[in-house]
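Enquirer: Next come a sequence and a model predicted from it.
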Amino acid sequence: MANFNPYFWEIPVDFNKLVEFDNRCALWYETDEERESRWIKEYRQEKLLDELIDIISSELTCKQQQAVMLYFFGGKTQEEIGQIMEIPHQVVSQHIYGVMRNGKNPQSLYKTRNLLEGRMAY
């Protein structure tokens, strides 16, 4: 009988039986080409994320930065961000989608938003 562990079900399996299966029968299998393609995509995404962080840090006001980070990276809704920042959700929308504030260019917000939503090639 298998031992019960609340974090993991331990089921005794004969290793010799497992090695009989081809790797392509596994629940998740990728070819060498698929793996390389995934690595390239992950590398590009990492570089894109670095660029986004630079744009957010250098081009946006503190309030805009906070709203953008919570919305796109924190997965918060505009209502939740409004509660966190103690501002109306309409103002949160302005921070995320761009309103000229303190001389900061709203085009930076549009560029950031488009990059985050995957509309621009990377």
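Expert: Received it, and whenever you're ready, just let me know what you need.

Enquirer: Show me where the protein has its strands.
Expert: 3-5, 8-10 (DSSP state E).

Enquirer: Among these, show the one with the smallest mean pLDDT.
Expert: Ranked by mean pLDDT, those bottom out at strand 3-5, with a mean of 61.

Enquirer: who does the helix ranked longest in the chain touch, helix- and strand-wise?
Expert: Across the chain, the longest stretch assigned as helix under DSSP state H is helix 32-59. Secondary-structure packing of helix 32-59 (3 or more Cβ pairs under 8 Å, 6 or more residues apart in numbering; DSSP states H and E): helix 62-68, helix 106-116. For glycine as for every other residue, the C-beta is placed from the backbone atoms N, C-alpha and C.

Enquirer: Now the weakest link among these, please, by mean pLDDT.
Expert: Across the helices and strands packed on helix 32-59, the lowest-scoring stretch is helix 106-116, with a mean of 64.

Enquirer: Where does pLDDT dip in this structure?
Expert: The chain contains residues with pLDDT under 70 at 1-6, 8-10, 23-27, 99-122.

Enquirer: repeat that for 50
Expert: By pLDDT under 50, the low-scoring segments of the chain are 120-122.

Enquirer: Look at Glu59 and say how many residues are nearby.
Expert: Counted with other Cβ atoms under 10 Å, residues neighbouring Glu59 total 17.

Enquirer: cool, and Val68?
Expert: Around Val68 there are 25 residues (other Cβ under 10 Å).

Enquirer: wouldn't it be in contact with Leu60 here?
Expert: Yes: using Cβ atoms under 8 Å, Val68 is in contact with Leu60, at 6.5 Å.
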